[in-house]
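K.L.:
what's the 3D shape of this:
(chains A and B)
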Amino acid sequence: MGSNSNQNNIVLKITKATIRNIIVALLLATVFLIIIYGLTREEVNTTVSLLKTISIETNKQIASNIVFNKEEKTVRNRPEFGTQYAQIKIESLGIDIPLYHGDSLSLLRNGAGQMSSAYFPGEGGTVVCMAHNTDKMFKRLPEIENGAKIVIETSYGIFEYEVYNTKIIDMHDVDEIEIQDKEEILDVFTCYPVNGIGHKTQRFVAYSKLVNYIEP
Amino acid sequence: MKRRTILNRIICALLTVLLIIELIVSLGITLLKNTICSKEYIEKELVKNNYYEITKSEIEDSFKYYVLQSNLDDNCVEGLITVEKVKNDTLLELNKYYDNSKQEIDIDPIKQELTKRIYDKVENEYNNSISEQEKKDIETLVKVIVKNYSDNMKTIGTCFETLSTLSKKLDKIESREIIIAYGITLFTVVLISIVYVYGTKNKKIIVNKYHAIALMTVGLMTIIIIIAMSIAVNEQAIQIFTKGITAVIVDIIKNIKLMLLLSGIVMFTVGLVISIIKNIMLKKYLR
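P.N.:
Numbers count the residues shown, from 1 in each chain, chains lettered A, B, ... in the order given. From the prediction side, this is the model:
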């Protein structure tokens, strides 16, 4: 029995000694990590920030929790880039397609895109939307006439715009699509001419003003 | 067994800190040289993640996008580029950064083939009756498509430009110098043993708690780093440039994390075993 108790004591001592070593190792690890982080803080933060920037959700839901204040003309909880947040309709041309925040190649395959550097409907500035000149998109846009209605239906309301001018511009004429914040204008454009072969260097632009807002 | 002096303990402790630093450096260099700083590793990852097939498909999609807007059928661009072409051009771009190669990708075959296909179509469907403006638009279309291809190819090179810069810095460390670094680490291990044995006058305890602590420290550090990385970033959600590049980068990050984790677990376990064995031997001698 004495020998058993002796053995138990030895096992206990060995366990204690091992745990002591683990605690020392843990403390040393913590100190080293703090020192390394201190020396490379900027690089670490930049890397993490960069990785977070490129980590985006892969399933984009339709943005529906946008908060709009009509009096202040503000749109909060703006939809993320790449999200479908509205439907754009031109009844006179039979156009009814999704509207995405953003204008990348992949988005424009699925619907109309909204320039992310311009304003959202309701913010009182220039809203710029574009789509391809294909059958399912804006092929009939050049047929639009002054007085025609363009409607953007969002989760925070329905915005009706009335066309007052159309123009054919060169694709590099950025001044012809002015981003301003004095009044709410909607510019929609597509590649022009819509028929004919080859890469189009012109754009057909329809300019319209906000004439009505319907609450959701 | 003789009790060690304070001086002996201090020397052992300092050597342990030195050993920890050497283990970190050795682990870091080994990991980097065998992964992101190795052109061969990158090439294997490209194959493993079907980068060439995915990229070929994505590029073809973007060609079709331009062609559809130009009132042409997308079969104009069907098979215009092959997986082999994408692979060869990707490797040329990688060689530019890793091997300082000056060779550029050749886009003329694509340009010539595409122009021929479009004009064949024009001859069949439009009876060659196209305007001068349309001829110019076709020329622009071909230029845009070809530029799209070369931009896509350059993207992978740009992506790994930073890594290749790091690779070149590590390349300056010759293999002989790396072996010397490992040798120094081994020497420190032996030195700790010598100092410890000298202090205790016990020649039977070659590995001791200082070796164990050094290994467990580095093991714990790598495990903590992996946990912190996993909390900070979800690599599965990463999307960068193209699907092909995303797949490769996500896989590389996962591999590095796995290698670090395994290294950490192995080091910690070996350290723990050494610690237990050393304690058992010490208690045996203290009876």
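
K.L.:
Up against chain B, what does chain A have?
P.N.:
A:10, A:13-14, A:17-18, A:21-22, A:24-26, A:28-29, A:32-33, A:48, A:51-52, A:54-58, A:105, A:109, A:132-134, A:191, A:195-201 (CB under 8 Å from any CB of the partner chain). For every residue, glycine as well, the C-beta is placed using N, CA and C.

K.L.:
Swap in 6 Å and give it another go.
P.N.:
Contact residues, chain A versus chain B (CB under 6 Å from any CB of the partner chain): A:10, A:13-14, A:17-18, A:21, A:24-26, A:28-29, A:32-33, A:48, A:51, A:54-56, A:132, A:134, A:191, A:196-199.

K.L.:
Quickly list the domain ranges of chain B.
P.N.:
B:6-34+B:174-285, B:48-164 (automatic domain parsing).

K.L.:
between those, which one is nearest to chain A?
P.N.:
Taking CB to the nearest CB, domain B:48-164 is the member of these nearest to chain A, at 2.5 Å.

K.L.:
And for residue 78, the neighbour number?
P.N.:
By default, I'm working from chain A. A count of nearby residues for A:Arg78, using other CB atoms under 10 Å in any protein chain shown, gives 16.

K.L.:
was after chain B, sorry
P.N.:
Neighbours around B:Glu78, by other CB under 10 Å: 12.

K.L.:
helix/strand/coil for the residue nearest the centre of chain B?
P.N.:
Nearest to the mean C-alpha position of chain B, counting by CA atoms, centre = their mean, stands B:Ile36 at 2.4 Å. Under DSSP: H, G, I helix; E, B strand; the rest coil, the three-state class of B:Ile36 is coil.

K.L.:
And for A:Ile97?
P.N.:
With three-state DSSP as the basis, A:Ile97 sits in strand.

K.L.:
Likewise for the one 3 residues further on?
P.N.:
Using three-state DSSP, the secondary structure recorded for A:Tyr100 is strand.

K.L.:
Just grab the bridge partners of it for me.
P.N.:
Under DSSP bridges, the beta-bridge partners of A:Tyr100 are A:Gln84, A:Gly113.

K.L.:
and the residue in chain A that chain B sits nearest to, what element?
P.N.:
With CB to the nearest CB as the measure, A:Gly198 is the residue of chain A nearest to chain B, at 2.5 Å. Following DSSP states H and E, one finds A:Gly198 outside all helices and strands.

K.L.:
Check whether it really touches B:Ile138, as I assumed.
P.N.:
Yes. At 4.2 Å, A:Gly198 counts as touching B:Ile138 under the criterion of CB atoms under 6 Å.

K.L.:
For these two, indicate the residue with more neighbours.
P.N.:
Ranked by neighbour count (other CB under 10 Å), A:Gly198 and B:Ile138 place A:Gly198 first, with 25 against 22.

K.L.:
Phi first, then psi, for the residue nearest to that one when sequence neighbours are not counted.
P.N.:
Sequence neighbours aside, B:Asp137 is the residue nearest to A:Gly198 in space, at 2.5 Å (criterion: CB to CB, 6 or more residues apart in numbering or on different chains). In terms of degrees, to the nearest 10, the main-chain angles of B:Asp137 are phi -60, psi -30.

K.L.:
so B:Asp137 makes contact with A:His199?
P.N.:
Yes. Assessed by CB under 6 Å, B:Asp137 is found in contact with A:His199 at 5.4 Å.

K.L.:
Next, give phi and psi for residue 139.
P.N.:
I went with chain A, as the question did not name one. Residue torsions, per degrees, to the nearest 10, at A:Lys139 are phi -60, psi -30.

K.L.:
That one reaches A:Tyr192, doesn't it?
P.N.:
No. Using CB under 6 Å, A:Lys139 is not in contact with A:Tyr192; the gap is 10.7 Å.

K.L.:
the more surrounded of these two?
P.N.:
Neighbour totals were compared for A:Lys139 and A:Tyr192, and A:Tyr192 leads with 22 against 19 (other CB under 10 Å).

K.L.:
Now do A:Glu138 against A:Arg78, distance only.
P.N.:
That one is not Glu; residue A:138 is Phe. 24 Å (CB to CB, to the nearest Å).

K.L.:
SS state for A:Ile169?
P.N.:
With three-state DSSP as the criterion, A:Ile169 reads strand.

K.L.:
Any idea how many residues pack against the residue nearest to it when sequence neighbours are not counted?
P.N.:
Residue nearest to A:Ile169 in three dimensions, not counting chain neighbours: A:Glu176, with 4.4 Å by CB to CB, 6+ apart. Using other CB under 10 Å, A:Glu176 has 15 neighbouring residues.

K.L.:
returning to what we had before: what's the closest of the domains of chain B to A:Lys70?
P.N.:
Proximity to A:Lys70 (CB to CB) singles out domain B:6-34+B:174-285 among these, at 35.2 Å.

K.L.:
any residue of the closest one up close to chain A?
P.N.:
Yes. Residues of domain B:6-34+B:174-285 contacting chain A under CB under 6 Å from any CB: B:209, B:212-213, B:216-217, B:220-221, B:232-234, B:237-240, B:275-276, B:279-280, B:283.

K.L.:
Mind checking the pLDDT average for that domain?
P.N.:
For domain B:6-34+B:174-285, mean pLDDT is 86.

K.L.:
and it, how far from the chain's centre?
P.N.:
Distance of domain B:6-34+B:174-285 from the chain centroid (CA atoms, centre = their mean, to the nearest Å) equals 20 Å.

K.L.:
The chain: helices as residue ranges?
P.N.:
The chain I'm using is chain A. Assigned by DSSP state H, chain A shows helices spanning A:2-39, A:41-53, A:105-108.

K.L.:
my bad, chain B
P.N.:
So, for chain B - with DSSP H - the helices run B:6-34, B:39-48, B:51-68, B:83-98, B:108-125, B:132-159, B:161-171, B:175-200, B:209-232, B:243-285.

K.L.:
Would you mind giving those as CSV with distance to A:Ile97 added?
P.N.:
Conversion of the helices of chain B to CSV gives the following (distance: least, CB to CB, whole Å):
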stretch, distance to A:Ile97
helix B:6-34, 49
helix B:39-48, 37
helix B:51-68, 15
helix B:83-98, 33
helix B:108-125, 28
helix B:132-159, 24
helix B:161-171, 39
helix B:175-200, 59
helix B:209-232, 39
helix B:243-285, 24
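
K.L.:
Nothing else from me, thank you.
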